[in-house]
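S.K.: when you get a sec, could you give me coordinates for this:
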Amino acid sequence: MSKITTHVLDVTQGCPARGVPVFLEFETSVFAWKMIGKGVTDEDGRLRNLLSSDYPLQPGNYRIRFNTGAYFSNQNIQGFYPEVSVSFTIRDASQHYHVPLLLSPFGYSTYRGS
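M.R.: Modelled structure (predicted):
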């Protein structure tokens, strides 16, 4: 499992959000981002291999971008947010970071999971 993972739950339908495209980025300088991982959520709404095991996690700012527009379009649902972007800071690269997304067509929330 990678050091950074995520899962997406569709709270409107009460089920995992399958097939959400996800992109992981690292801030290389102020407002300059480099993509370091990507994938699509599985049947359980999880993405366990977002960051390659050979990528050296380091302290700094990271961002996960969820392509929620593609997900809702595939569900034939008109959503308000085409993308959800979650930025966070890693201070201790030895830890595991789990960043879940709770999603509905007109709102979302996130937290640091375990």
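S.K.: other residues contacting stretch 76-95?
M.R.: Defining contact as CB atoms under 8 Å, 6 or more residues apart in numbering, one finds that stretch 76-95 is touched by 3, 56-69, 71-72, 97, 99, 101, 103, 105-106, 108, 110, 112. C-beta here means a position set from N, CA and C on the backbone, and glycine is covered the same way.
S.K.: in that stretch, what counts as buried?
M.R.: Across stretch 76-95, burial judged by 16 or more other CB atoms under 10 Å covers 79, 81, 84, 86, 90.
S.K.: end-to-end on that stretch?
M.R.: For stretch 76-95, the first-to-last residue distance is 38 Å (CA to CA, to the nearest Å).
S.K.: gap between it and the chain center?
M.R.: Relative to its chain's centre, stretch 76-95 lies at 5 Å (CA atoms, centre = their mean, to the nearest Å).
S.K.: okay, and which of the contacts of stretch 76-95 map to strands?
M.R.: Among those, the ones falling in strands (DSSP state E) are 60-66, 97, 101, 103, 108, 110.
S.K.: list buried residues within the contacts of stretch 76-95.
M.R.: Buried among the contacts of stretch 76-95 by 16+ other CB under 10 Å: 3, 57, 62-69, 71-72, 97, 99, 101, 103, 105, 108, 110.
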